[in-house]
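Engineer: Need coordinates for the following:
(chains A, B, C and D)
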Protein chains: 2
Amino acid sequence: MALNEIMRPALAASHFRAACSNCDLRELCLPIDLTDDEMQRLEMLSHHKSNFPAGGYLYRSGDHFKSLYAIRSGSFKTRILHDDGREQVTGFLMAGEIIGLDAISTDTHTCEAVAMEASEVCELPFAKLEALSREIPSLQRHLYKIMSHEIVRDQGIMLLLGSMRAEERLAAFLLNLSQRNAVHGMPPTRFTLRMSRLEIGSYLGMKLETVSRTLSHFQEEGLIRVKARAIEILALSRLREVMEKP
Amino acid sequence: MALNEIMRPALAASHFRAACSNCDLRELCLPIDLTDDEMQRLEMLSHHKSNFPAGGYLYRSGDHFKSLYAIRSGSFKTRILHDDGREQVTGFLMAGEIIGLDAISTDTHTCEAVAMEASEVCELPFAKLEALSREIPSLQRHLYKIMSHEIVRDQGIMLLLGSMRAEERLAAFLLNLSQRNAVHGMPPTRFTLRMSRLEIGSYLGMKLETVSRTLSHFQEEGLIRVKARAIEILALSRLREVMEKP
DNA sequence: CGTAAACTTGAACGCACTCAAATGGTGTGG
DNA sequence: CCACACCATTTGAGTGCGTTCAAGTTTACG
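Structural biologist: I've put the predicted structure just below:
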């Protein structure tokens, strides 16, 4: 497994933008190939929720499962909460990605999704999606692939959390963001973090101070430039080396 | 999220034992409700591979994806390999569980599955399974649920790796094994580990020495009794407390 | 423009790692 | 059935990475 595939690979963000009344759902998370007629049927079952506020909950842990959501614009974080107060950020999701897959298993959301900025989502009622996927084989296959893709992504993060050091984790994280930002038309070496050091730390299994220190260290090494949440990658290839050296 | 749900919950092992010519597939991983006729059709598409040898590969990383596998007896570990030699065990799978879900995404296996003892599996050709699931709604729903369940499990392990200490991780691991063993008719407080300290360490993100030391420590505390790979849990509730105290 | 939150940096600590050696367990061939 | 070899496991001692605690500084936002 190539190291640049460890975290959510570029295709996660680039393909699949499924049907929804106001979204181009033709590229929802993975490539989907539907006829115009099929596309229209997919669009008919979706609702559009616009102007989702920053900090707002898309759903909470324990909520009854009804729909998947396709992020049309903005970004979300998902997290699971512990009884004892600890929390773990399990993902940062960007436009074009699908959110809510965890809830299918038990018909209850096991994590919660919070908007990190003003965002728009398409609601995809799962019962309808399921029924339609029975009639459109390529849609069914697509749903299976999206879910499998999420499994691969999560296992990549298990590798990261289980066997990488702090520097390697952060390098992997930055490179992953770089890839995913590039997909949205932004330059791969300049982007703005949507999340705090605390959230990055929770995601990567380290403390916020360690995140901050490691970013500073990368800057001293000339690998990146950090200015608050603005990141500029100065040496992509050397950053990859950081990640690949045990 | 309750702490005893963090790792693969009991239902993962208890329910779903899907159709396969020689297996009772009626309970494959999650409850499945099919008519006799539907069951027969599910069984018709499956092959039975018996006598899978210990240490043998069910599939390797990079193999072309063709089938899912239902474990009929025995157990497997799945792991992802790094370019630089590091490996991460991503799961220990027991009878009744489904293996190979990661490969649907790209039609290529991203991890490898190795038998930890002599095992039997049912092969479920995915193309046929997919087609049949279009005709049997409850089978389709079942497949979605199994995949979602794997996502929930993986995210539980992310929580474990990202925010728990060594003692807590190992306590969670033992309690999870206890649950899953109970499901197979074995007493919940006495079971045999199928995996080495090295493999446990890889799975839990710690070194084998730390696994060993922590087991010894639990024994000194009177929580468990360890004799090589034989484990006896002496104080289930106190072991849960270990896991729940930050 | 002022306040609170986010971030950076420093210093000391501690958990888990590394290195190393001894012990125990397992399987195989004599 | 035992002896040997090999691998798995345990245990010890010392180290280091990341944490904790504690300022000080910058940024975001009303």
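Engineer: On the three-state scheme, A:Gln88 is what?
Structural biologist: Taking DSSP: H, G, I helix; E, B strand; the rest coil as the rule, one finds A:Gln88 in the strand state.
Engineer: Contacts only, for it.
Structural biologist: Neighbouring residues of A:Gln88 by Cβ atoms under 8 Å, 6 or more residues apart in numbering or on different chains: A:Arg79, A:Ile80, A:His82, A:Ser202, A:Tyr203, B:Gln155, B:Met158, B:Leu159, B:Gly162, B:Ser163. For the C-beta atoms, the positions are set from N, CA and C on the backbone; glycine is no exception.
Engineer: among these, which are in strands?
Structural biologist: Using DSSP state E, the members of the contacts of A:Gln88 that fall in strands are A:Arg79, A:Ile80.
Engineer: Identify the residue nearest the most centrally placed residue in chain A in space, chain neighbours excluded?
Structural biologist: Taking Cα atoms, centre = their mean, the centroid of chain A lies closest to A:Leu93, which sits 2.7 Å from it. Leaving aside its sequence neighbours, A:Leu93 sits nearest to A:Phe76 (Cβ to Cβ, 6 or more residues apart in numbering or on different chains; 4.7 Å).
Engineer: surely the one you found meets A:Glu117?
Structural biologist: No: between A:Phe76 and A:Glu117 there is no contact under Cβ atoms under 8 Å: 9.1 Å.
Engineer: which one of these two has more residues nearby?
Structural biologist: Each of A:Phe76 and A:Glu117 has its neighbours counted (other Cβ atoms under 10 Å in any protein chain shown); A:Phe76 has more, 25 against 14.
Engineer: and that one, that one's in a helix?
Structural biologist: No: under three-state DSSP, A:Phe76 sits outside any helix and is assigned strand.
Engineer: For it, give its distance to DNA strand D.
Structural biologist: Here the criterion is Cβ to the nearest atom of the strand, to the nearest Å. By it, A:Phe76 lies 16 Å from DNA strand D.
Engineer: just to revisit the earlier point, report the beta-bridge partner residues of the residue nearest to A:Leu93.
Structural biologist: The partner list for A:Phe76 in beta bridges (DSSP bridges) reads A:Leu93, A:Ala115.
Engineer: same question, A:Pro125
Structural biologist: Per DSSP bridges, the residues bridged to A:Pro125 are A:Ser67.
Engineer: what's the neighbour count on it?
Structural biologist: Residues within reach of A:Pro125, counting by other Cβ under 10 Å, total 14.
Engineer: And it, how far from DNA strand D?
Structural biologist: Separation of A:Pro125 from DNA strand D (Cβ to the nearest atom of the strand): 33 Å.
Engineer: quick one, what contacts that residue?
Structural biologist: Shown in contact with A:Pro125 (Cβ under 8 Å, 6+ apart): A:Leu45, A:Ser46, A:His47, A:Lys66, A:Ser67.
Engineer: run the last query once more with 7 Å
Structural biologist: A:Leu45, A:Lys66, A:Ser67 (Cβ atoms under 7 Å, 6 or more residues apart in numbering or on different chains).
Engineer: Wait, A:Cys122 touches A:Glu43, no?
Structural biologist: No: counting by Cβ atoms under 7 Å, A:Cys122 does not reach A:Glu43; the two are 9.2 Å apart.
Engineer: wait, isn't the residue nearest to A:Leu93 in contact with A:Gly56?
Structural biologist: No: A:Phe76 sits out of contact with A:Gly56 when judged by Cβ under 7 Å, with a separation of 9.6 Å.
Engineer: Name the residues contacting each of these two.
Structural biologist: Residues touching both A:Phe76 and A:Gly56 by Cβ under 7 Å, 6+ apart: A:Ala115.
Engineer: Local confidence estimate at A:Glu38?
Structural biologist: pLDDT, A:Glu38: 81.
Engineer: what's the closest non-adjacent residue to it?
Structural biologist: A:Ile136 (5.1 Å).
Engineer: same check, this time on A:Ser212
Structural biologist: Per Cβ to Cβ, 6+ apart, closest to A:Ser212 is A:Arg197, 5.4 Å.
Engineer: Am I right that that neighbour is in contact with A:Leu208?
Structural biologist: Yes: under the criterion of Cβ under 7 Å, A:Arg197 makes contact with A:Leu208 at 4.3 Å.
Engineer: For these two, indicate the residue with more neighbours.
Structural biologist: Using other Cβ under 10 Å as the criterion, A:Arg197 and A:Leu208 rank with A:Arg197 on top: 17 against 14.
Engineer: Against DNA strand C, how distant is that one?
Structural biologist: Plainly put, A:Arg197 is 4 Å away from DNA strand C if you go by Cβ to the nearest atom of the strand.
Engineer: what residues are up against that residue?
Structural biologist: Going by Cβ under 7 Å, 6+ apart, A:Arg197 touches A:Leu208, A:Val211, A:Ser212.
Engineer: Quick one: name whatever helix or strand follows the lengthiest helix in chain A.
Structural biologist: In chain A, assigned by DSSP state H, the helix with the most residues is helix A:137-163. Moving toward the C-terminus from helix A:137-163, the first helix or strand encountered (DSSP states H and E) is helix A:166-183.
Engineer: if you look at that next one, does any of it touch DNA strand C?
Structural biologist: No: Helix A:166-183 does not reach DNA strand C (Cβ under 7 Å from any atom of the strand); its nearest approach is 11.2 Å.
Engineer: May I see the buried residues of that helix?
Structural biologist: A:166-183 (16 or more other Cβ atoms under 10 Å in any protein chain shown).
Engineer: Which pLDDT value does the model give the nearest residue to A:Thr214 once chain neighbours are set aside?
Structural biologist: In this structure, A:Thr214 finds its nearest non-sequential neighbour in A:Leu170, 4.9 Å apart by Cβ to Cβ, 6+ apart. Listed pLDDT for A:Leu170 reads 97.
Engineer: Same check on A:Arg8?
Structural biologist: A:Arg8 is given a pLDDT of 38.
Engineer: Tell me where the model's unsure across chain A.
Structural biologist: A:1-31, A:50, A:246 (pLDDT under 70).
Engineer: per-domain residue ranges of it.
Structural biologist: Domain assignment for chain A by automatic domain parsing gives A:9-159, A:164-244.
Engineer: Tell me which of the ones you listed sits most buried.
Structural biologist: Mean neighbour count (mean count of other Cβ atoms under 10 Å in any protein chain shown) peaks for domain A:9-159 among those, with a mean of 20.
Engineer: Quick one: check it for contact with DNA strand C.
Structural biologist: No: applying Cβ under 7 Å from any atom of the strand, one finds domain A:9-159 separated from DNA strand C by no less than 9.8 Å.
Engineer: distance between that domain and the chain's centre?
Structural biologist: 9 Å (Cα atoms, centre = their mean, to the nearest Å).
Engineer: what's next to stretch A:117-124, contact-wise?
Structural biologist: Identification of contacts with stretch A:117-124 by Cβ under 7 Å, 6+ apart yields A:18, A:20, A:23, A:25, A:46-54, A:58, A:67-76, A:194.
Engineer: and the contacts of A:Arg197 as JSON lines, adding secondary structure?
Structural biologist: Formatted as JSON lines, the contacts of A:Arg197 follow (three-state DSSP):
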{"residue": "A:Leu208", "secondary structure": "helix"}
{"residue": "A:Val211", "secondary structure": "helix"}
{"residue": "A:Ser212", "secondary structure": "helix"}
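Engineer: re the thing from before, against which helices or strands is the longest helix of chain A packed?
Structural biologist: In terms of contacts (3 or more Cβ pairs under 7 Å, 6 or more residues apart in numbering or on different chains; DSSP states H and E), helix A:137-163 is packed against helix A:126-135, strand B:87-94, helix B:126-135, helix B:137-163.
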